[in-house]
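>>> here are the coordinates; sequence isn't available:
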């Protein structure tokens, strides 16, 4: 892969991975509620799950959805419903106490991997990345390079968003503040669905 294309790819990965989206908002919320260590499986699921998605989309899954639009539509609807359920769960999370944290649990590794397939931002990133940064003459190599770059770039982004959540824990000891935080995160999750809802409408 030419250096200029690789640098553009790194910039694309950083801009899309580190900016707010469903994955990062959920990591922020998990950092607040469960701390850094308990969120590690969630972070690993995102960091590994999304590159797997890139490879599968690049190897033909994207073309399958193009060939069978109803299948893609069904996946989008399922994603919207799941995101609505997540937003409801976040909005109605209880106050941040040790008992509540012990009773609840962060997202597991396999759940974070599977979440990429219902995450609208992940789909946009995967399709754009596979279409823009692969080279026809070295397609498989460049596709794997894209997946590997996302893997490396995702890790510090996941750590930063989770760490930001952890840093807010002391500020959010007050029950009213936790309620405002939870509702804000839920509304931001819903806002991230706006492009998909617009497309479905």
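Happy to help now that I have it. Remember, it's a predicted structure, so these values are computed and weren't measured experimentally.
>>> List the residues that contact the nearest residue to residue 129 once chain neighbours are set aside.
Once flanking residues are discounted, residue 129 sits nearest to residue 146: 5.2 Å by C-beta to C-beta, 6 or more residues apart in numbering. (Each C-beta comes from the backbone N, C-alpha and C, glycine too.) Residues in contact with residue 146 (C-beta atoms under 8 Å, 6 or more residues apart in numbering) are 9, 54, 58, 129, 130, 133, 134.
>>> gap between the first one and residue 54?
Okay, so that is residue 9. Look at residue 9 and residue 54: by C-beta to C-beta, to the nearest Å, they are 11 Å apart.
>>> which one of these two has more residues nearby?
For the pair residue 9 and residue 54, the greater number of neighbours falls to residue 54 (26 against 20), based on other C-beta atoms under 10 Å.
>>> got a pLDDT number for the residue nearest to residue 129?
According to the prediction, residue 146 has pLDDT 92.
>>> again, but for the one 5 residues further on
For residue 151, the pLDDT comes out at 95.
>>> Help me confirm that it comes into contact with residue 53.
No. The criterion here is C-beta atoms under 8 Å, and residue 151 misses it with residue 53 at 11.4 Å.
>>> So for the two, which sits in the more crowded spot?
residue 53 (23 against 16).
>>> ok, the residue nearest to the more buried one when sequence neighbours are not counted to residue 150 distance?
Excluding the flanking residues, the one nearest residue 53 by C-beta to C-beta, 6+ apart is residue 116, at 4.8 Å. Separation of residue 116 from residue 150 (C-beta to C-beta): 11 Å.
>>> One more: residue 58?
According to C-beta to C-beta, residue 58 stands 12 Å off from residue 150.
>>> what residues are up against residue 41?
Counting by C-beta under 8 Å, 6+ apart, residue 41 has contacts 106, 107, 108, 109, 112.
>>> What is the most widely separated pair among those residues?
Within these, 106 and 109 form the most distant pair, 10.1 Å apart (C-beta to C-beta).
>>> Neighbour count: these two, which is higher?
residue 106 (23 against 16).
>>> Contact partners for the more buried one?
Per C-beta under 8 Å, 6+ apart, neighbours of residue 106: 30, 33, 34, 38, 39, 41, 42.
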